[in-house]
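**Q** sequence below, structure please.
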Amino acid sequence: QVQLVESGGGLVQAGGSLRLSCAASGRTFSTYAMGWFRQAPGKEREFVGGCSRSGGRTSYADSVKGRFTISRDNPKNTVYLQMNSLRPEDTAEYYCAAAKTWPTTTYDYWGQGTQVTVSS
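**A** Modelled structure (predicted):
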């Protein structure tokens, strides 16, 4: 089992950048693929992006391609989401999640989330 804790959210102006971090507990972090999701008020949770166990392979939602980048540091048990050129529609609670397989649509463990608010 792995526990996930997100950080780095906050308030930013449109066009700005934020980097989210997700710290994982345990010694098995490198055995999990990782993903980022978001959920805006009144909307369903949506996939933002994911990366393989090594971080060598990534995938992104069309809405964030070219603006967001996922990376991971396995020795530090951390996955990151670099968000550039932020838009008001990126405002949401952001969650990281861990999956036992890659590629996948099934994530097994979830963090509590961190709020990102983009002002216009």
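
**Q** only C-alpha atoms from now on, for both contacts and neighbour counts.
**A** Will do.

**Q** which residues sit in contact with Phe68?
**A** Contacts for Phe68 (C-alpha atoms under 8 Å, 6 or more residues apart in numbering) come out as Leu81, Gln82, Met83, Asn84.

**Q** could you give the bridge partners of it?
**A** Met83 (DSSP bridges).

**Q** re the thing from before, narrow the contacts of Phe68 to just the buried residues.
**A** With neighbours counted using 16 or more other C-alpha atoms under 10 Å, those contain these buried positions: Leu81, Met83, Asn84.

**Q** now for the residue nearest to Thr58 when sequence neighbours are not counted: which residues touch it?
**A** Once flanking residues are discounted, Thr58 sits nearest to Cys51: 4.2 Å by C-alpha to C-alpha, 6 or more residues apart in numbering. Neighbouring residues of Cys51 by C-alpha under 8 Å, 6+ apart: Ala33, Met34, Gly35, Arg57, Thr58, Ser59, Ile70, Ser71, Trp102.

**Q** burial measure for the last one, as a count.
**A** The local packing count at Trp102 equals 17, with neighbours defined by other C-alpha atoms under 10 Å.

**Q** do I have it right that it meets Gly55?
**A** No: look at Trp102 against Gly55 with C-alpha atoms under 8 Å: they stay out of range, at 10.8 Å.

**Q** what residue is smack in the middle of this structure?
**A** Nearest residue to the geometric centre of the chain (C-alpha atoms, centre = their mean): Trp36, 2.7 Å.
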